[in-house]
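Asker: What shape does this take:
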Amino acid sequence: MRALRLLAIDLAAFLLAGYLALLIRDNFDFSYNHFESMGPYIGFSFVAGLLFFPILGINRSLWRYSTFGDFLRIGAASLLVVLAATTLTFAFNRLEGLARAIPLGRLGRPDDYPGMIAFLLSDEAGFVT
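Answerer: Coordinates of the predicted model:
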């Protein structure tokens, strides 16, 4: 139970630091739209921290008496969490905007494919490259 409480405190401190760093980067923009746009990054940071902190054994008690190996683990965990959150946020934002880039305005649905396949297999599709 104590380990879960320490993990929760560590994740809360990590997320608060990430949110404050984003606010500083964006000149203290406190608007609702800005806060909403940071939601995926903060969420993915939480999930990545929840995954990597326990795997690498990162917790608050480590900071008190740390060796060089502990500092390497802390750095690795921080790097993994930031990279994972950034990558997942980028992918999430790209997929979210994908439908706007398609002329039809939406992604294909399963019922769209039979007609397309029948057309491509027919003689009428002979000049389609």
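Asker: all contacts plus neighbour counts: C-alpha atoms, from now on.
Answerer: Noted.
Asker: Verify the contact between Leu11 and Ala48 for me.
Answerer: No: with contact defined as Cα atoms under 8 Å, Leu11 does not reach Ala48; the gap is 9.9 Å.
Asker: For burial, what's the neighbour tally of Gly57?
Answerer: Look at Gly57: counted by other Cα atoms under 10 Å, it has 13 neighbours.
Asker: mind listing what's buried in the longest helix belonging to the chain?
Answerer: Longest helix in the chain, counting residues (DSSP state H): helix 68-101. Across helix 68-101, burial judged by 16 or more other Cα atoms under 10 Å covers 70, 73-74, 77-78, 80-82, 84-86, 88-89.
Asker: Among those residues, which one sits closest to Pro110?
Answerer: Using Cα to Cα, Leu88 comes nearest to Pro110 of the buried residues of helix 68-101, at 25.9 Å.
Asker: which element is the closest residue to the closest one other than its chain neighbours on?
Answerer: Spatial nearest neighbour of Leu88, excluding adjacent residues (Cα to Cα, 6 or more residues apart in numbering): Phe44 at 6.7 Å. Here Phe44 sits within helix 39-56, counting by DSSP states H and E.
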